[in-house]
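>>> Sequence and predicted model, in that order:
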Amino acid sequence: MALIEKPQMLILGERLCSIDDCIAGVGTYSRHGYILASLAGYVLKKNEGEVLPVISVVRETEAQLLPDVGAIVTCKVTSINPRFVKVHILYVGSTPLKDKFRGTIRKEDIRATEKDKVEIYKSFRPGDIVLSKVISLGDVQSNYLLTTAENELGVVVAYSEAGAQMVPISWCEMQCPRTHAKEFRKVARVQPEYLQA
Amino acid sequence: MPVDNKRVCGPEESQSPWLFLQQTRGQPTWVPQTRESERRADSRRRRGQVDARPMFARCGLVSQAKGSAYIEAGNTKLICSVYGPRETERKDELDMRAGRLVCAFRLAPFSCAKRCPWIQGSQEKDLTLSLQESLQPGVCLHRYPRSQIEVNVLVLENDGSALAHAITCASLALADAGIEMYDLVIGCSLRQDGAAYLLDPTCCEETGDESTENQGSLTVALLPALNQISGLLSTGEMKEATMVGAIRVCVEGCQRLYPAAQQCLLKSVRRKVHARSTDVDVGR
C-alpha cells in the first residue's frame, strides 16, 4: 500500500480549497463555493487528466465500500429456488465487507444466451462462491440485484457432493478430482493471471 | 408491561448510606442547596456562569465497534460506540436513496442517584429521539443507501447535561468510525434560574425551586463550522428574550468546546495511522 509522502492531516469540517481550484473527490463535499472535508484523515490531490485536480480525503483504514451499481462482487450462495438464487455478498472488488449484505440473482440474469431454458439446479448450488456484478440496488422488498450473464462471471469455487473442491472443465461443467463425477455449474472464465497453480 | 426476568434486582427497600454517617464527619456535599450562591459553592468555585466544565475526550477505545468515543466532563462520564453501515432490517422507501441512523441512549443503572431500571423508560426514549434528531443533519446519509448506522450511547455517571455530552460523544464516535459527516455536532446545555443562568449544569444545579419564574433548561446541538443548529431541547417556562439570550450563550459554549473535540479526533487518527503503518512494516 503506497504511503503518502508528507501528508497533511486534517479533521472533518475543515475548508480545503475553493471550488474553482479543485474537484471534490472521495471524503469531501462542497458548500457555499468551498470544498470541505467530510472525513478525518489525509489529503490527497491527484491530477486525473481533467481540467482541475481532484482533491480527496482518505483514512489509512479500509475505505468504506458499499456495493454500488456496476461493481464486481464476490458472493456465496445461501439458497436456491426455481426462480432465483439468494446470495450473501462477501467482497466488493477486493475489499472484504465487515457485514454481510444480501443479494439475489434472478433466473433470467444467470446466462446471456437462452435465458428461458436455464435450470438453476444446473447453474448454482448452495455453498458456491460466485463472481457477479451488481445491476441494481433493488427496491423496497428486494435485496441487491446481481447478474452473472457474462463470460467472466459465475462460479469460481464449488464443492462436489463428495466434498472435494471441483475443477472446471468447460463453461457449464465442473469435475470432482476424487470421484471424477461431473457436475453442472455456470462456470466463470477467470483470467489466467488470477489462477494459482 | 415488559418485566426483566434475566437480571437480579436489588432489594425493594434501600437506605441511603448518608443516613448512617456520623455527624462529626461534617455536612455531606450532595445535599442540594436552595440559594444560588451556595449552589455554586463547590463545583463552581473555579468557574463562572458561562464556563463549561473542562472536557476529556478519547476515541477508539472499544475494539469490537467500528468507532467509539469516551467523554468525561466534571463527573459526567459517557461512552459511545458506532456500528455500520449494516444492511437495514426494515426497509421503506426512504431507505433506498439514503441511509438510516439508529440511535440508542441508555442510562446505566448505577449512573444516577436513584437506580434506573435496565429496560428503557420513556425518558430514555425521549432522549434517544432528541439525540437522533440532532445527529441526523450532520451525517452524509446519502452516501450510504440501503444501510443503517447504529449509535449506542451509555451514560456511566450522570452528573448533569447528559444529552449535550452524549451528542458530542456520538459525533466523535461517528467520525472515528470513518462515517462521512458534514461537521462534528457539539452539544451544550444551560440552566436558567430566574435572572441568572448556568452553563453546563451539574446534577444538583439542574434541579431548582419552582417558585421563581423564568425557570428552565435548554440543550443546544450545533454544527460549529457551518454555524447551524441541528437540535434544540428546552423544558420549563422562559420568556422569549431570555430564551434567545440563552440560545446565544449555548452556541458560544459549543464553539468553545469545538477545538477540544477536534484535537481528540486528530490524536485518534494519528494513532490509527501509526498502528497501521507499523502493521504494514511488520507484515513485510
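Arrived safely, thanks for sending. Nothing here was measured: the structure is a model prediction, and the numbers come from that model. Numbers count the residues shown, from 1 in each chain, chains lettered A, B, ... in the order given.
>>> Over to residue B:152: give its phi and psi.
When read as degrees, to the nearest 10, the backbone of residue B:152 gives phi -120, psi 120.
>>> So what pairs up with it in the strands?
residue B:81, residue B:104 (DSSP bridges).
>>> Give me the distance between it and chain A.
16 Å (CB to the nearest CB, to the nearest Å). All C-beta atoms are positioned from the backbone trio N, CA, C, and that covers glycine.
>>> show me what contacts residue A:56?
The contact partners of residue A:56, taken as CB atoms under 8 Å, 6 or more residues apart in numbering or on different chains, are A:25-28, A:43-44, A:46.
>>> Also residue A:135?
A:69, A:109, A:145-147.
>>> Can you say which two of those residues are spatially most distant?
Largest separation among these by CB to CB: A:69 and A:109, giving 13.8 Å.
>>> Between these two, tell me which one has more neighbours.
Each of residue A:69 and residue A:109 had its neighbours counted (other CB atoms under 10 Å in any protein chain shown), and the higher figure belongs to residue A:109 (21 against 11).
>>> how about the nearest residue to the more buried one, chain neighbours excluded?
Using CB to CB, 6 or more residues apart in numbering or on different chains and skipping residues adjacent in sequence, the residue nearest residue A:109 is residue A:147, 4.0 Å away.
>>> Same check on residue B:7?
The shortest distance from residue B:7 to any non-neighbouring residue, by CB to CB, 6+ apart, is to residue B:118 (5.7 Å).
>>> The one you found reaches residue B:109, doesn't it?
Yes: between residue B:118 and residue B:109 there is a contact under CB atoms under 8 Å: 6.0 Å.
>>> Pick out the residue closest to the middle of the chain.
Went with chain A since none was named. residue A:73 (2.2 Å; CA atoms, centre = their mean).
>>> I was thinking of chain B, sorry if that wasn't clear
residue B:166 (1.9 Å).
>>> Wait, that residue touches residue B:186, no?
No: contact criterion CB under 8 Å: residue B:166 and residue B:186 do not qualify, at 11.6 Å.
>>> ok, so what distance separates residue B:184 from chain A?
Applying CB to the nearest CB, the value for residue B:184 to chain A is 6 Å.
>>> Quick check: closest non-adjacent residue to that residue.
Per CB to CB, 6+ apart, closest to residue B:184 is residue B:171, 4.8 Å.
>>> part of a helix, is that neighbour?
Yes: counting by DSSP: H, G, I helix; E, B strand; the rest coil, residue B:171 is located in a helix.
>>> Each with direction, which strands does the helix or strand where residue B:221 lies pair with?
Counting by DSSP states H and E, the element that carries residue B:221 is strand B:215-223. Strand B:215-223 has the following sheet partners, assigned by DSSP bridges: strand B:186-193 (antiparallel), strand B:228-237 (antiparallel).
>>> tell me the angle of the helix or strand just after the longest one relative to strand B:186-193?
For strand B:228-237, the following helix or strand on the C-terminal side (DSSP H and E) is helix B:240-283. Taking axes from the mean of the first three to the mean of the last three CA atoms, to 10 degrees, one finds helix B:240-283 and strand B:186-193 inclined to each other by 150 degrees.
>>> now helix B:240-283, how far from the centre of its chain.
Averaging C-alpha positions (CA atoms, centre = their mean, to the nearest Å) puts helix B:240-283 14 Å from its chain's average.
>>> Quick check: mean pLDDT of that helix?
Mean per-residue pLDDT for helix B:240-283: 84.
>>> again, but for stretch A:102-119
Mean predicted lDDT for stretch A:102-119 stands at 89.
>>> what does it contact?
A:67, A:73, A:75, A:82-89, A:120, A:123-124, A:130, A:132, A:134-135, A:138, A:142-150, A:186, B:87.
>>> That stretch: end-to-end distance?
One end of stretch A:102-119 to the other measures 22 Å (CA to CA, to the nearest Å).
>>> residues from the stretch 151-284 of chain B in reach of chain A?
B:175-176, B:178-184, B:223-226, B:262, B:265-266, B:268-270, B:272-273, B:276-277, B:280 (CB under 8 Å from any CB of the partner chain).
>>> Quick one: buried ones out of the residues you listed?
Among those, the ones that count as buried by 16 or more other CB atoms under 10 Å in any protein chain shown are B:175-176, B:178-184, B:223-225, B:262, B:265, B:268-269, B:272-273, B:276.
>>> hang on, the earlier thing: over to the residue nearest to the centre of chain B. Which of the three states is it?
For residue B:166, the secondary structure call by three-state DSSP comes out as helix.
>>> Quick check: most distant residue from the centroid of chain A.
Centroid-distance maximum for chain A: residue A:32 at 34.9 Å, with CA atoms, centre = their mean.
>>> So it versus chain B, what's the distance?
Taking CB to the nearest CB, one finds residue A:32 at 9 Å from chain B.
>>> chain center to the one helix or strand residue B:101 maps to, what's the gap?
For residue B:101, the host element (DSSP H and E) is strand B:100-107. Relative to the mean C-alpha coordinate of its chain, strand B:100-107 is positioned 12 Å out (CA atoms, centre = their mean).
>>> just checking, what packs against the very next helix or strand once past that strand?
Tracing the chain C-terminally past strand B:100-107 and defining elements by DSSP H and E, one meets helix B:122-135 next. Other elements packing on helix B:122-135 under the criterion 3 or more CB pairs under 8 Å, 6 or more residues apart in numbering or on different chains; DSSP states H and E are strand B:100-107, strand B:147-157, helix B:162-176, strand B:215-223, strand B:228-237.
>>> what pLDDT, on average, does helix B:122-135 get?
So the average pLDDT for helix B:122-135 ends up being 92.
>>> I figured residue A:71 was touching residue A:93, is that so?
Yes: applying CB under 8 Å, one finds residue A:71 in contact with residue A:93, separated by 6.4 Å.
>>> quick one: contacts for the residue nearest to residue A:109?
So residue A:147 contacts A:105, A:109-110, A:132-133, A:135, A:153 (CB under 8 Å, 6+ apart).
>>> State the phi and psi torsions of it.
Per-residue torsions, residue A:147: phi -140, psi 150 (degrees, to the nearest 10).
>>> For it, name its beta-bridge partners.
The partner residues for residue A:147, given DSSP bridges, come to residue A:133.
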